[in-house]
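J.: Turn this into a structure:
(one chain, ligands or ions: 1)
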Amino acid sequence: MELLKRRILTEGRVEGKDVVKVDSFLNHQMDVVLLNEIGKEFQSRFVNQTVTKILTIEASGIGVACITAQYFNVPVVFAKKMESRNLDKEVFESKVTSYTKGIEYGIKVSKRYLGPEDHVLIIDDFLANGQAIAGLRNIVKQAGAHLTGVGIVIEKSFQNGGKVIRDEGIHLESLAIIKEIENNKIIFKEEGRE
Ligand code: 5GP
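T.: Take a look at the predicted model:
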């Protein structure tokens with residue numbers, strides 16, 4: 001998605017060796033006009049596929065998931081990261097190791113909002129080693145729901161999350177794929193090329 005790649009090149013910052021900060025339009029301040037284009041792009045990439053729920057993880061997946069959901073006309077369910085007294089006791093649970101913080105945390109989704117009748121599109125902002133998506137997939141599996149696919153805004157293909165998901169035959173669509181970061185410079189994978 002050219003519009004997105006241009007924004008990453010002009011506003012993205014590299015932190016350390018492999019963390020890309022896009023706080024000016026995606027992860028802190030949010031450019032809703034761009035998010036709208038992202039939502040449309042996801043819709044076109046999963047067109048003619050059944051989607052009854054969009055599943056994401058708090059907090060940074062929620063904005064993009066909500067705008068995308070408008071194009072599919074379905075609800076968004078977000079996995080909650082922390083113990084919440086208001087949540088049902090009847091929950092699906094999984095564990096995720098945070099890429100950016102390095103700690104393990106639990107995620108939960110109420111059994112009320114996901115079930116065997118659902119066709120789920122998982123949406124997240126970044127894909128690195130695939131831990132967040134693995135946790136969400138685990139919840140889809142516990143619910144007995146069908147996984148329609150996974151939509152990612154920015155994949156870093158030099159980390160192996162994307163390969164694992166594709167090798168399993170899951171329909172994964174990443175709107176911008178960073179193949180490497182060299183001397184703080186972001187280099188994208190050309191579309192249609194391995
Ligand atoms: P994974 O679970 O695939 O290893 O990492 C994905 C999660 O970690 C995403 O939900 C995202 O919040 C965070 N993440 C991974 N890499 C980056 C990055 O380069 N930049 C930002 N801002 N977040 C990242």
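J.: Leaving out sequence neighbours, find the closest residue to the residue nearest the centre of the chain.
T.: Nearest residue to the geometric centre of the chain (C-alpha atoms, centre = their mean): D124, 1.4 Å. Among residues not flanking D124 along the chain, G61 sits closest, at 4.6 Å (C-beta to C-beta, 6 or more residues apart in numbering). Glycine gets a C-beta too; all of them are placed from N, C-alpha and C.
J.: so who does that neighbour touch?
T.: 78, 123-125 (C-beta atoms under 8 Å, 6 or more residues apart in numbering).
J.: Which one (most neighbours) among these?
T.: I123 (29 neighbours; other C-beta atoms under 10 Å).
J.: per-residue confidence for that residue?
T.: Listed pLDDT for I123 reads 98.
J.: Counting by contacts, list what the helix or strand harbouring it packs against.
T.: For I123, the element it lies in under DSSP states H and E is strand 119-127. On a contact count with 3 or more C-beta pairs under 8 Å, 6 or more residues apart in numbering; DSSP states H and E, strand 119-127 meets strand 53-57, helix 62-72, helix 131-143, strand 146-156, helix 161-167.
J.: make it 10 Å
T.: Other helices and strands packing on strand 119-127, by 3 or more C-beta pairs under 10 Å, 6 or more residues apart in numbering; DSSP states H and E, are helix 32-45, strand 53-57, helix 62-72, strand 76-79, helix 131-143, strand 146-156, helix 161-167, strand 172-182.
J.: surely S94 meets G135?
T.: Yes - counting by C-beta atoms under 10 Å, G135 is a contact partner of S94 at 4.2 Å.
J.: who touches both of these two?
T.: Common contacts of S94 and G135 (C-beta atoms under 10 Å, 6 or more residues apart in numbering): 79, 106-107.
J.: From those residues, keep the buried residues only.
T.: Buried members of these, counted by 16 or more other C-beta atoms under 10 Å: 79, 107.
J.: which of the shared contacts of S94 and G135 come close to the ligand?
T.: The subset of those within reach of the ligand, by C-beta under 6 Å from any ligand atom, is empty.
J.: and F25, that's in a helix?
T.: Yes - under DSSP: H, G, I helix; E, B strand; the rest coil, F25 falls within a helix.
J.: quick one: it and E37 touch, right?
T.: No - counting by C-beta under 10 Å, F25 does not reach E37; the two are 11.2 Å apart.
J.: And the two? Which one has more around it.
T.: With neighbours defined as other C-beta under 10 Å, F25 and E37 compare such that F25 has more, 19 against 16.
J.: could you measure that one against I187, distance?
T.: According to C-beta to C-beta, to the nearest Å, F25 and I187 sit 20 Å apart.
J.: sorry, back to before: pretty sure the residue nearest to the centre of the chain is touching A132, no?
T.: Yes - using C-beta under 10 Å, D124 is in contact with A132, at 5.8 Å.
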